[in-house]
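A.B. asks: Okay, predicted coordinates and the sequence, questions at the end:
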Amino acid sequence: MGLRALIPPQPLCWIQAYPDTTENKERCVSKRENSKYKIDRRLRVNLWGRPKSPINKREYGPGQHGQGRQKPTDYRLQLMAKQRLKGYYGSVSERQLRRYYLEAVRRRGDTGENLVEILERRLDAVIYRMKFAITVFASRQLVSHGHVKVNGRRVNIASYLVKDNDVIELTSKAKEMARVIESTQTAERDVPEYVTADHKDMKGTFVRGPKLADVPYPVQMEPSLVVEYYSR
């Protein structure tokens, strides 16, 4: 499996013209081309720690050369670290992740720690941490379909960054969804300390931005290698 296989397709973009003005803006749609579990096989890790991941039975990459040896170059290690981080948060686009990196550089402190904190502040990631959705893809769908409120206001942007002490609540319709109730009862994951969750009222609070050590990743994440990738 070559390096090209690790790089997902770029988002679909087009130029949108606004009537009665001379302003044109580029619009992009992020698109996940493959099954989420193909990400596991491509990266050769059980990225979300789920029992149904195919990597539990086949600990090698897909394709004819999936079981071949891979040369661990510095670039490959950095690329794999970036792809693991992107994949874990629901395949965020390359443009988004680079923007988060630039914001992490701008902030004080360790850039890798800052990058993880920014990703954990995404609304879809917070819904996932509160166990209102079984996967980060399901949490993104909850948000985009308008089932989530932040401080009493409906928000349908998955990349919305929550602030400390923001209160997140599901709508009355979402509170009765079988998949939401099932997710809150699963024993696969625990709610981390930097968020609180009331699974009876289906609401919670984002207490604070986490450090890398606070985030319950099922696999080792190396944000320092992601920083090295973007700072080349």
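C.D. replies: Looks like it arrived, so ask away.

A.B. asks: contacting residues around the closest residue in space to residue 182 that isn't next to it in sequence?
C.D. replies: Leaving aside its sequence neighbours, residue 182 sits nearest to residue 134 (C-beta to C-beta, 6 or more residues apart in numbering; 7.1 Å). C-beta here means a position set from N, CA and C on the backbone, and glycine is covered the same way. Residue 134 sits next to 179, 182-183, 186, 188 when contact means C-beta atoms under 8 Å, 6 or more residues apart in numbering.

A.B. asks: Going by neighbour count, list what's buried in the lengthiest helix in the chain.
C.D. replies: Ranked by residue count and defined by DSSP state H, the top helix of the chain is helix 74-88. By 16 or more other C-beta atoms under 10 Å, the buried positions in helix 74-88 come out as 78-88.

A.B. asks: Including distance to residue 158 and pLDDT, could these go into a markdown table?
C.D. replies: Rendered in a markdown table, the data for the buried residues of helix 74-88 read as follows (distance: C-beta to C-beta, whole Å; pLDDT from 0 to 100):
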| residue | distance to residue 158 | pLDDT |
| --- | --- | --- |
| 78 | 26 | 93 |
| 79 | 25 | 90 |
| 80 | 25 | 88 |
| 81 | 23 | 91 |
| 82 | 20 | 93 |
| 83 | 19 | 88 |
| 84 | 19 | 87 |
| 85 | 16 | 91 |
| 86 | 14 | 90 |
| 87 | 15 | 86 |
| 88 | 14 | 89 |
